[in-house]
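Asks: Coordinates only, no sequence provided:
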Ligand code: PMP
C-alpha cells in the first residue's frame with residue numbers, strides 16, 4: 001500500500017500498478033532472486049542487464065564498505081580527485097580497446113549519453129565546424145531517459161511524450177533482419193541497413209553531421225542482433241564522411257557479448273563509448289564515456305574548459321565498486337567463460353527452442369537471447385506476427401513470473417540476458433523453465449482459438 005501511495009515507478013502505468021500491487025523483491029544470491037512471499041526466481045535479465053557478476057559478491061560489498069568508511073564522497077570539480085576514481089580510470093583504459101585512454105564519468109547511462117551529445121558538438125566547435133550538430137541514431141534504439149538520451153533513442157512511445165526528440169537528432173531504420181522478411185540473405189540485408197546511414201548523411205548534408213550512435217546489439221529494443229556485415233559497413237561509411245562513431249555499450253560492455261565490449265565482437269572502432277550497468281554490475285550507480293584518441297586530442301589539447309560535469313562524476317564509492325567488479329571479472333575469467341563456454345552453450349540450447357511451434361526465430365549473442373513468438377509457423381519457420389492486441393509477449397511474461405524465471409517481453413519478442421556467472425547446469429534449468437512457459441502460452445492461445 002505504501003508503494004502504491006508514494007513510489008512512482010519508472011516506465012509504469014501508476015494507476016494500473018497500484019490496482020494490482022508491485023511484486024516486492026527482498027533478497028538475491030548468485031542468479032536467483034526471492035520475493036517477499038518466499039518465491040525463488042531465476043533472474044534471466046541480470047536485474048536490468050547489469051548484475052553481470054551475479055548477486056552476493058563479497059568483494060564488491062567489501063570495496064563499497066571500505067570506501068564508505070574512508071571517504072564516502074568528494075568531488076572532482078575543484079582540481080581534486082580521489083584514489084578510486086583514478087584507479088578505475090586507469091583500469092578502464094586497460095580493458096577497453098587501445099584507442100581509449102581517457103574517461104569522463106557520469107552517474108548513469110542516460111547521463112553518459114547526454115555527455116556524448118555535449119562532447120561531440122563541442123569537438124566540432126573546437127575544430128571550427130560548429131554547423132556539425134546532427135547526430136544520427138536508429139528507430140527502436142534505447143539510449144536512456146533524459147532529454148538527450150530519450151531523443152537519441154528511437155522509441156516512438158517516448159518521443160510522443162514531452163516534445164522529443166530535441167533538435168538535431170534524426171533516426172534511420174534498425175538492422176532487424178527478421179522484421180524485413182526473407183527476401184534477401186541476412187548478410188545482404190546488413191549492408192542494405194548500414195547504407196541507410198549513408199543515405200541519411202547525404203540527405204542531411206555530410207558537413208552537418210556530427211556523429212552516428214548505436215548499440216552493438218540493441219538491448220531494450222528486443223535484443224536485435226545485426227548481421228555480421230552491418231557494423232563494418234557502418235564503420236566504412238563513418239570513415240568516408242569523417243563523422244564520429246559512438247558505441248553505446250551500456251548493455252553490451254563488460255563481457256555480455258563474449259568480448260570485453262560489443263564493438264570488439266562486431267569488429268568496429270568507435271571514437272566514443274558509453275558505459276554504465278556492467279561497470280559496477282549494478283551494485284551502485286555509475287556510468288561514463290570512454291573518449292578515444294581522436295576526440296581526446298582535440299578536447300584536451302585545444303579545447304580549454306569543457307563546461308560540463310556531474311556532482312557524481314567519479315564518485316569514490318561507485319568507482320571503488322567498479323574497480324572491484326572489473327578485477328572480479330578478470331579473476332573469474334568471465335569474458336572467456338561467456339565466449340568459449342556458456343555463450344556457445346546457450347546458442348546450442350536456444351537452437352533447440354527454435355523448433356517450438358511458437359518460436360519463429362531464436363537468436364543469441366554471447367549471453368543475450370531473443371525468441372520471436374509467431375503465429376502459424378510455416379515450412380520456412382518464419383511465421384506471422386500475432387495481432388498486437390493479443391499481447392502474446394505479456395502473456396508469456398506472466399507465465400515466466402509465475403513459473404519462477406524472469407524474461408522480458410518486447411512486443412512478442414521474449415528476451416534474456418542472464419548473469420555472466422551462470423553455469424551450464426543453470427542454463428539447462430533456465431531453458432527448461434522457458435520451454436514450459438512457451439508451452440503454457442501456446443496452450444492459452446489454443447484454448448482461445450488464437451493460433452493457426
Ligand atoms: N543505453 C543503453 C543501451 C541502455 O540499455 C540503457 C538502459 N537500459 C541506457 C543507455 C540508459 O542507462 P540508465 O538507465 O543507466 O540511464
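Replies: That came through fine. Owing to the predicted nature of the structure, the values given are computational and were not obtained by experimental measurement. Numbers count the residues shown, from 1 in each chain.
Asks: Now do the same contact list for the closest residue to residue 46 other than its chain neighbours.
Replies: For residue 46, ignoring the flanking residues on the chain, the nearest one in space by CB to CB, 6 or more residues apart in numbering is residue 419 at 4.9 Å. C-beta coordinates here come from the backbone N, C-alpha and C atoms, glycine included. Taking CB atoms under 8 Å, 6 or more residues apart in numbering, we find residue 419 in contact with 30-31, 43, 46, 51-55.
Asks: Single out the residue in the stretch 351-452 of the chain that lies closest to the ligand.
Replies: Ranked by CB to the nearest ligand atom, the top residue of the stretch 351-452 of the chain for proximity to the ligand is residue 417, at 10.0 Å.
Asks: For that residue, give me its contacts.
Replies: Contacts were defined as CB under 8 Å, 6+ apart; by that measure residue 417 touches 44-46, 49, 219, 223, 251, 256, 367-369.
Asks: Where strands are concerned, which of those count?
Replies: Those of these mapping onto strands are 368-369, per DSSP state E.
Asks: what does the stretch 201-350 of the chain have sitting close to the ligand?
Replies: 215, 219-220, 248, 250-251, 276, 287 (CB under 6 Å from any ligand atom).
Asks: can you give me the strands for the stretch 51-200 of the chain?
Replies: 100-106, 134-138, 169-172 (DSSP state E, counting those that start in this stretch).
Asks: Could you confirm whether the longest one reaches the ligand?
Replies: No. No part of strand 100-106 sits near the ligand under the criterion CB under 6 Å from any ligand atom; the closest distance found is 8.7 Å.
Asks: picking up where we left off before, per-residue pLDDT, the residue of the stretch 351-452 of the chain closest to the ligand?
Replies: pLDDT recorded at residue 417 is 98.
Asks: and what of residue 379?
Replies: In this prediction residue 379 is given a pLDDT of 58.
Asks: And the one 10 residues further on, by the same measure?
Replies: On the pLDDT scale, residue 389 is placed at 94.
Asks: What count of nearby residues applies to it?
Replies: 6 (other CB atoms under 10 Å).
Asks: quick one: contacts for the residue of the chain found nearest the ligand?
Replies: Per CB to the nearest ligand atom, residue 109 is where the chain lies closest to the ligand, at 2.4 Å. Contacts for residue 109 (CB under 8 Å, 6+ apart) come out as 143-144, 149, 248, 250, 274-277, 287.
Asks: tell me which residues of the lengthiest helix in the chain are tucked away?
Replies: In the chain, assigned by DSSP state H, the helix with the most residues is helix 424-447. Residues of helix 424-447 classed as buried by neighbour count (16 or more other CB atoms under 10 Å): 426-427, 429-431, 433-434, 437-438, 440-442, 444-445.
Asks: what's the offset of it from the middle of its chain?
Replies: Here helix 424-447 is found 25 Å from its chain centre; the criterion is CA atoms, centre = their mean, to the nearest Å.
Asks: tell me the mean pLDDT for it?
Replies: Here the average pLDDT along helix 424-447 is 97.
Asks: tell me what it is packed against?
Replies: strand 40-42, helix 343-353, strand 368-373, helix 392-403, strand 413-416 (3 or more CB pairs under 8 Å, 6 or more residues apart in numbering; DSSP states H and E).
Asks: Pipe the ones you listed into TSV and attach mean neighbour count and distance to residue 325 per row.
Replies: Below are the helices and strands packed on helix 424-447 laid out as TSV (neighbours: other CB atoms under 10 Å; distance: least, CB to CB, whole Å):
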stretch	mean neighbour count	distance to residue 325
strand 40-42	19	22
helix 343-353	17	20
strand 368-373	25	19
helix 392-403	19	28
strand 413-416	26	21
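Asks: what residue lies at the spatial centre of the protein?
Replies: Per CA atoms, centre = their mean, the C-alpha nearest to the average position across the chain is that of residue 251, at 2.8 Å.
Asks: Contact partners for it?
Replies: 49, 215, 217, 219-220, 277-278, 368, 417.
Asks: Just these: which are in helices?
Replies: The members of the contacts of residue 251 that map onto helices under DSSP H are residue 49.
Asks: can you put the contacts of residue 251 in CSV and add distance to residue 393?
Replies: As requested, the contacts of residue 251 are arranged in CSV below (distance: CB to CB, whole Å):
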residue, distance to residue 393
49, 18
215, 20
217, 19
219, 16
220, 14
277, 23
278, 25
368, 17
417, 16
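Asks: And the contacts of residue 251, which two are furthest apart?
Replies: Greatest spatial distance among the contacts of residue 251 (CB to CB): 220 and 278, at 14.7 Å.
Asks: Output the below-cut-off pLDDT ranges for the stretch 251-400 of the chain.
Replies: Counting by pLDDT under 70, the ranges of the stretch 251-400 of the chain that qualify are 378-382.
Asks: which stretches of it form helices?
Replies: Applying DSSP state H, counting those that start in this stretch to the stretch 251-400 of the chain gives helices spanning 262-266, 293-301, 316-331, 334-336, 343-353, 392-403.
Asks: Quick check: which element contains residue 16?
Replies: Assigned by DSSP states H and E, residue 16 belongs to helix 14-20.
Asks: So what touches that helix?
Replies: With contacts defined as CB under 8 Å, 6+ apart, helix 14-20 is touched by 4, 8-9.
Asks: Quick check: buried residues in the helix or strand just after that helix?
Replies: Later in the chain than helix 14-20, the nearest helix or strand by DSSP H and E is strand 25-29. For strand 25-29, burial by neighbour count (16+ other CB under 10 Å) applies to residue 28.
Asks: Which elements pack onto strand 25-29?
Replies: strand 32-35.
Asks: residues of the strand it packs on that come out buried?
Replies: In strand 32-35, counting by 16+ other CB under 10 Å, buried: 32-33.
Asks: same deal with stretch 87-107?
Replies: Buried residues in stretch 87-107, defined by neighbour count with 16+ other CB under 10 Å: 88-89, 91-92, 95-97, 99-107.
Asks: What is the nearest of these to residue 332?
Replies: Among the buried residues of stretch 87-107, and counting by CB to CB, the member closest to residue 332 is residue 95, at 14.0 Å.
Asks: That'll do, ta.
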